[in-house]
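Asker: Fold the stuff below for me.
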Amino acid sequence: MGVEPDSAGVHFPPPFVYLGALLLGLSAERYVTLRSFGIDWRLLAAIGAVLFIAGVVLMVAAAGLFRRLGTNTPPSRPTTLIVTTGPYRWTRNPMYLAMALIYASLAIGLDGPIALALLPLVLIAIQTQVIAREERYLEAKFGDDYRRYKARVRRWF
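Answerer: Reported below is the predicted structural model:
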């Protein structure tokens, strides 16, 4: 993934962080005693389905809004404007929140407690290696406009 100079400088696609940790956690289930939540699979599937649908809806809304407004989604590309409508009224990072919901849905739905336990580490990595870079970039590029938005809207939810 090439990183453009006018960008947040993120050198890897954030969805790969979520996917890599999920696969690692699900793979570890084969080698560790704790391989199950100990809850009926139907309940796990229902919880997983609700979280999955919520994550997909949020992702489609956030990414679709970026497309409609003509700004880039990948943090390796230039941002052309600050999006403050749609889900961006409630969270500055709806796409990362959506990925977290989808991750949690799969970990729960596939009865993967180890995978779910890795989610906080994924969120820390996304926060420190992606969001922090994006925030520095947006503040440098948009100045007071971004600082006002940042003061008004929470980072996650």
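Asker: doesn't A107 make contact with L116?
Answerer: Yes: under the criterion of C-beta atoms under 8 Å, L116 makes contact with A107 at 4.0 Å. From N, CA and C alone the C-beta is placed, and that goes for glycine too.
Asker: Looking at these two, which has the bigger crowd around it?
Answerer: When neighbours are counted by other C-beta atoms under 10 Å, A107 comes out ahead of the other of L116 and A107, with 26 against 18.
Asker: Quick check: buried residues in the helix or strand encompassing that one?
Answerer: Using DSSP states H and E, A107 maps to helix 94-109. Going by neighbour count (16 or more other C-beta atoms under 10 Å), the buried part of helix 94-109 is 94-109.
Asker: ok so, going back, hey, what's in contact with both of L116 and A107?
Answerer: Common contacts of L116 and A107 (C-beta atoms under 8 Å, 6 or more residues apart in numbering): G25.
Asker: And the residue in the chain sticking out farthest from the centre, how far from S7?
Answerer: Using C-alpha atoms, centre = their mean, the residue of the chain lying farthest from its centre is T33. It sits 29.1 Å away. Distance, T33 to S7, by C-beta to C-beta, to the nearest Å: 44 Å.
Asker: Quick check: F52 touching I102?
Answerer: Yes: if you go by C-beta under 8 Å, F52 and I102 touch, sitting 6.0 Å apart.
Asker: Under a three-state scheme, what state does the residue farthest from the centre of the chain occupy?
Answerer: coil (DSSP: H, G, I helix; E, B strand; the rest coil).
Asker: which residue packs closest to I131, ignoring adjacent ones?
Answerer: What sits nearest to I131 in space, not counting adjacent residues and going by C-beta to C-beta, 6 or more residues apart in numbering, is N93, at 6.1 Å.
Asker: And the helices in this structure?
Answerer: Here the chain has its helices, by DSSP state H, at 14-28, 41-69, 94-109, 113-126, 132-142, 144-152.
Asker: Now do the buried residues in the last one.
Answerer: For helix 144-152, the neighbour count (16+ other C-beta under 10 Å) marks 146, 149-150 as buried.
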